[in-house]
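Asks: got a predicted model here, sequence first, then my questions.
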Amino acid sequence: MDIKILGTGCAKCKTLEQLTRDVVAKNNIDATITKVDDIVEIMKYNIMTTPALVIDGKVITKGRIPSAEEIKELLTK
């Protein structure tokens, strides 16, 4: 599984990245997590608000920080 956290480095972006890393580690999910902070790269995903969570190339959430439980559900379904 390929997970990308899209964000320019704001507090919400950092929180989403850490939360996602914690969920992946606690649940032994086989995933690669990449933090994307290049605005040109972020714009390729056609989002207007960050942070955004991208799983296997698909934008799952944007503009908010999902709960740890929601992230777990998104990664294990």
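Replies: Received the coordinates, thanks.
Asks: ok, and what's touching stretch 10-17?
Replies: With Cβ atoms under 8 Å, 6 or more residues apart in numbering as the test, stretch 10-17 has contacts from 5, 6, 7, 33, 35, 37, 50, 51, 53, 65, 66. In short, each C-beta sits where N, CA and C put it, glycine included.
Asks: export that stretch to PDB, keeping only CA atoms.
Replies: Provided in PDB are the C-alpha atoms of stretch 10-17 (Å, rounded to 0.1, in the frame of the first residue of the first chain):
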ATOM      1  CA  CYS A  10       1.600  23.200   8.600                       C
ATOM      2  CA  ALA A  11       0.700  21.900  12.000                       C
ATOM      3  CA  LYS A  12      -2.300  20.000  10.600                       C
ATOM      4  CA  CYS A  13      -0.200  18.300   8.000                       C
ATOM      5  CA  LYS A  14       2.400  17.200  10.500                       C
ATOM      6  CA  THR A  15      -0.400  15.900  12.800                       C
ATOM      7  CA  LEU A  16      -1.900  13.800  10.000                       C
ATOM      8  CA  GLU A  17       1.500  12.400   9.000                       C
END
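Asks: of the contacts of stretch 10-17, which belong to strands?
Replies: Residues from the contacts of stretch 10-17 lying in strands, with DSSP state E as the criterion: 5, 6, 33, 35, 53.
Asks: I figured the first one hits residue 60, correct?
Replies: So that's residue 5. No - using Cβ atoms under 8 Å, residue 5 makes no contact with residue 60, being 10.9 Å away.
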